[in-house]
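1. structure for this input, please:
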Amino acid sequence: MWTEKKRSEATDNGFPEIDSVKVGRNIRNAIDESGYSVSDVAGMLFMSNQALYQCIKGDNLPSLPTIYAMSRVLGVTIDDLIRQEGPEKENVQEDNSIDEKRNTRRKIIDNNSWLDR
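-> Numbering: from 1, shown residues only. Prediction:
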C-alpha cells in the first residue's frame with residue numbers, strides 16, 4: 001500500500017504521477033463523445049461494466065493493453081486517455097458529428113482490426 005512518503009518519493013524521481021481520477025474523467029469524456037454507452041464499450045473490451053465503472057471512477061487504472069484497445073474502440077489516442085492536463089489549444093481540431101464517429105468506430109470493430117495488433 002502506498003504511504004504518503006512513498007507517493008512523494010515516486011513523484012520526486014522526475015516522472016509524472018498518473019492520477020487515476022483524471023484518467024477516469026478522460027475515459028468518461030471519450031465514451032460520451034463516442035455516442036456509445038458504458039455497457040457497449042465494456043462489451044467491446046471484453047470487460048464487465050463494473051470493471052469499466054471502477055476505471056471511470058478512478059478506483060483502478062486500466063492496464064496498458066486495455067488502454068490501447070479502448071483508444072482504438074473510442075477513436076482517440078492513448079495520450080487522450082491518460083493526459084493529466086487539458087488539451088493544448090493549438091492541437092484541438094474541429095469535432096466530427098457523433099454519427100460520423102459512430103460509423104468510423106463500427107467499421108473498426110466490424111473489421112476487428114484493433115484486435116489483430
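2. could you look up the SS state of Gly24?
-> The three-state assignment at Gly24 reads helix, by DSSP: H, G, I helix; E, B strand; the rest coil.
3. got a list of what it touches?
-> Cys55, Ile56, Lys57, Gly58 (C-beta atoms under 8 Å, 6 or more residues apart in numbering). In short, each C-beta sits where N, CA and C put it, glycine included.
4. Leu45 too?
-> Leu52, Thr66, Ala69, Met70, Val73.
5. mind checking which of these are in helices?
-> Counting by DSSP state H, the part of those found in helices is Leu52, Thr66, Ala69, Met70, Val73.
6. please report the distance of the last one from Asn49.
-> Applying C-beta to C-beta, to the nearest Å, one obtains 15 Å for the distance of Val73 from Asn49.
7. all helices for the chain, in order.
-> 4-11, 20-34, 38-44, 49-57, 64-74, 78-82, 98-111.
8. the inter-axis angle of the second one versus helix 64-74?
-> Pointing back at helix 20-34 there. Per axes from the mean of the first three to the mean of the last three C-alpha atoms, to 10 degrees, the angle that helix 20-34 makes with helix 64-74 is 30 degrees.
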